[in-house]
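S.K.: model the structure of this input:
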Amino acid sequence: MIRISLLLITFTFFSCGSNADKGKEDATENTSEVKLTDEQLLDVVQKQTFKYFWDYAEPNSGLARERFHPDGNYPENDAHIVTTGGSGFGLMAIVSGMSRGYVTKEEGVKRLDKIADFLAKADRFHGAWSHWIDGNTGKVKPFGTKDNGGDLVETSFLISGMITVREYLKTGNEKEKAVAAKYDALWKGVEWKWFTNNKDVLYWHWSPNYEWQMNFALEGYNECLITYIMAASSPTHAIDAKAYHDGWARSGGIVSAKTKYGIPLILKHNGAEEFGGPLFWAHYSYVGLDPNQLSDKYANYFDLNKNQVEIDYKYCIENPKKYKYYGADYWGLTASYSRNPDGSVGYDAHMPSNDKGVISPTAAIGSIVYMPKESIAVMRNLYENHKAETWGEAGFYDAVSLENNWTAKRYLAIDQGPEVVMIENYRSGLLWKLFMNAPEVKEGLKKLGFKSGKYGI
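M.R.: Modelled structure (predicted):
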């Protein structure tokens, strides 16, 4: 089942004044004719994209804004709406930024401390945060009429970032240890088991007004694997392994025997069993969860994700709809801004079975850990040949259709985050190492039957 809620996003926010001017200056750097090496290109993309979570963060909370529109065209007063899941990616991005020297460790710790204090006071629902939060007040901003309470999936993305921060800071100086302790306390407050509603499956939403009426059981396969791993890893409110095997894995029904282009899909992608789903399914759960050498009785998770990416790549090479420019250096379908038939900006979950001729840079860039050569080819093509159309204050814009000479000159936290994090994991493996070596994560993985030769599980 494709994440229907993602298709409901309709609002915007304003830019950051002087920071926007600074970003425009940065966006014009590296314009010389000297060709960047792959490593230089990766650093340029990572550093510029990091700005989304640093220069353009919501100022009061320090968290990631849901979206950033550099043109300042915001039809509603939503400048301070932050996203829970995107902020989880943002926490990892800040760790990456500190490690790379994009900001000092002192600056990073100060920002992380501010974020922890804000989240401690924000609305929570049996420990879970809402999908959207008002960055001024900490109050829930409803994502939909009945989606006005706890969002367990978004919370799990946030928690994976919290654990990464804790592991990075826990052996530091007294201030760093104090901030690490704040994140440790926050994640232990999530009542994962309560979100089973006394059944053998986790549920995505709970509302104080509508309770379980959203009725969205988390059954695989899609982007939600990390939710079960976090729920099994909790030292305070852990789920039973039965919820994972009977709920998420559908008592074994999650396994697929299908192939595409001769490549096994391995697991049944909800609503996309022929080609696999949008590529964010190979990104969101795996920003901290290292798929290398990771397996359980249902899948080898590196093979699963690499195969999904390769199928998407081969589909774009085949290009059955004959879109201009599709090819080895211009590919990648995932959920992002999209081009409506009238040329206006919309939102869609792009994938081979829903191809609108729109390429999302995050699709290929976030897949660098699976197909690095092919990912870098897209980055290089866009940066060297289409920079004027595709590159801005916070890295590559969210979506592009060269076919229609169209770019959505906007950014989304959930798309910029995987770019920073997966580039870091490709370059150093830092975020994977921090998350995977957390003691609770190792225990949770063991509990669910996962094995990892890389981490001794």
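S.K.: for the most centrally placed residue in the chain, what are its contacts?
M.R.: Residue closest to the average C-alpha location in the chain (Cα atoms, centre = their mean): residue 284, at 4.1 Å. Contacts were defined as Cβ atoms under 8 Å, 6 or more residues apart in numbering; by that measure residue 284 touches 85, 157, 223, 226, 414, 418. Bear in mind the C-beta positions are built from the backbone N, C-alpha and C, glycine included.
S.K.: apply 7 Å and report the result again.
M.R.: Residue 284 makes contacts with 157, 223, 418, as judged by Cβ atoms under 7 Å, 6 or more residues apart in numbering.
S.K.: repeat for residue 168
M.R.: Counting by Cβ under 7 Å, 6+ apart, residue 168 has contacts 95, 434.
S.K.: tell me which element it is part of?
M.R.: Under the criterion of DSSP states H and E, residue 168 resides in helix 152-169.
S.K.: what's the offset of that helix from the middle of its chain?
M.R.: 12 Å (Cα atoms, centre = their mean, to the nearest Å).
S.K.: then stretch 250-262?
M.R.: Counting by Cα atoms, centre = their mean, stretch 250-262 is centred 24 Å from the centre of its parent chain.
S.K.: show me the contacts for the residue nearest to residue 424 when sequence neighbours are not counted.
M.R.: Once flanking residues are discounted, residue 424 sits nearest to residue 96: 4.2 Å by Cβ to Cβ, 6 or more residues apart in numbering. Taking Cβ under 7 Å, 6+ apart, we find residue 96 in contact with 420, 421, 424, 430, 431.
S.K.: just residue 190 next, same as before
M.R.: Neighbour list for residue 190: 127, 128, 155, 159, 234, 237 [criterion: Cβ under 7 Å, 6+ apart].
S.K.: the residue nearest to residue 294 when sequence neighbours are not counted: neighbour count?
M.R.: Once flanking residues are discounted, residue 294 sits nearest to residue 301: 4.5 Å by Cβ to Cβ, 6+ apart. Other residues near residue 301 come to 24 when the count uses other Cβ atoms under 10 Å.
S.K.: ditto for residue 172
M.R.: Neighbourhood size, residue 172 [other Cβ under 10 Å]: 14.
S.K.: can you check residue 114 too?
M.R.: Using other Cβ under 10 Å: residue 114 sits among 17 other residues.
S.K.: does residue 162 really touch residue 185, like I thought?
M.R.: No: the pair formed by residue 162 and residue 185 falls short of the contact definition of Cβ atoms under 7 Å, at 9.8 Å.
S.K.: so where is this structure shaky, pLDDT-wise?
M.R.: 1-33, 74-77 (pLDDT under 70).
S.K.: the helices in the stretch 201-350 of the chain, which residues?
M.R.: Counting by DSSP state H, counting those that start in this stretch, one finds helices in the stretch 201-350 of the chain at the ranges 225-233, 241-242, 301-318.
S.K.: most packed of those helices?
M.R.: Burial of the helices of the stretch 201-350 of the chain is given as mean neighbour count (mean count of other Cβ atoms under 10 Å); helix 225-233 ranks first at a mean of 25.
S.K.: before we move on, back to that, and the residue nearest to residue 424, how far from residue 435?
M.R.: In this view, residue 96 and residue 435 are 12 Å apart by Cβ to Cβ, to the nearest Å.
S.K.: again, but for residue 86
M.R.: Following Cβ to Cβ, the distance that separates residue 86 from residue 435 is 17 Å.
S.K.: who has more neighbours, those two?
M.R.: residue 86 (29 against 26).
S.K.: residue contacts, the more buried one?
M.R.: Residue 86 neighbours (Cβ under 7 Å, 6+ apart): 64, 66, 413, 414, 417.
S.K.: same list (those residues) but as TSV, adding distance to residue 173, secondary structure and neighbour count.
M.R.: Converted to TSV, the contacts of residue 86 look like this (distance: Cβ to Cβ, whole Å; DSSP: H, G, I helix; E, B strand; the rest coil; neighbours: other Cβ atoms under 10 Å):
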residue	distance to residue 173	secondary structure	neighbour count
64	26	coil	33
66	33	coil	29
413	30	helix	27
414	33	helix	28
417	27	helix	31
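S.K.: take those and lay them out in JSON lines including distance to residue 249.
M.R.: Shown next, in JSON lines, are the contacts of residue 86 (distance: Cβ to Cβ, whole Å):
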{"residue": "64", "distance to residue 249": "31"}
{"residue": "66", "distance to residue 249": "32"}
{"residue": "413", "distance to residue 249": "30"}
{"residue": "414", "distance to residue 249": "25"}
{"residue": "417", "distance to residue 249": "27"}
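S.K.: now for those residues: which two are most distant?
M.R.: Within the contacts of residue 86, 66 and 417 form the most distant pair, 11.8 Å apart (Cβ to Cβ).
S.K.: so who does residue 217 touch?
M.R.: Neighbours of residue 217 in contact, by Cβ under 7 Å, 6+ apart: 201, 203, 247.
S.K.: please name the bridge partners of it.
M.R.: Legend: beta-bridge partners of residue 217 under DSSP bridges are residue 203.
S.K.: any idea how far it lies from residue 112?
M.R.: For residue 217, the distance to residue 112 - Cβ to Cβ - is 34 Å.
S.K.: before we move on, what about residue 390?
M.R.: Applying Cβ to Cβ to residue 390 and residue 112 gives a distance of 31 Å.
S.K.: next: residue 102.
M.R.: The value you get for residue 102 to residue 112, if Cβ to Cβ is used, is 14 Å.
S.K.: and what of residue 274?
M.R.: From residue 274 to residue 112 the distance is 43 Å (Cβ to Cβ).
S.K.: the more surrounded of these two?
M.R.: Neighbour tally, residue 274 and residue 112, criterion other Cβ under 10 Å: the higher count belongs to residue 112, 26 against 12.
S.K.: quick one, what contacts the closest residue to residue 287 other than its chain neighbours?
M.R.: With sequence-adjacent residues excluded and distances taken as Cβ to Cβ, 6+ apart, residue 287 is closest to residue 421, at 4.5 Å. Contacts of residue 421 were listed using Cβ under 7 Å, 6+ apart, and they are 89, 92, 93, 96, 287, 431.
S.K.: now the angle from whatever helix or strand residue 379 lives in to helix 301-318?
M.R.: Assigning secondary structure by DSSP H and E places residue 379 in helix 372-385. Angle, helix 372-385 to helix 301-318, by axes from the mean of the first three to the mean of the last three Cα atoms, to 10 degrees: 50 degrees.
S.K.: next SSE downstream of helix 372-385?
M.R.: Trace forward from helix 372-385 with DSSP H and E and the next one is helix 387-390.
S.K.: I'd like the next helix or strand past that following helix.
M.R.: According to DSSP H and E, the helix or strand after helix 387-390 is strand 391-392.
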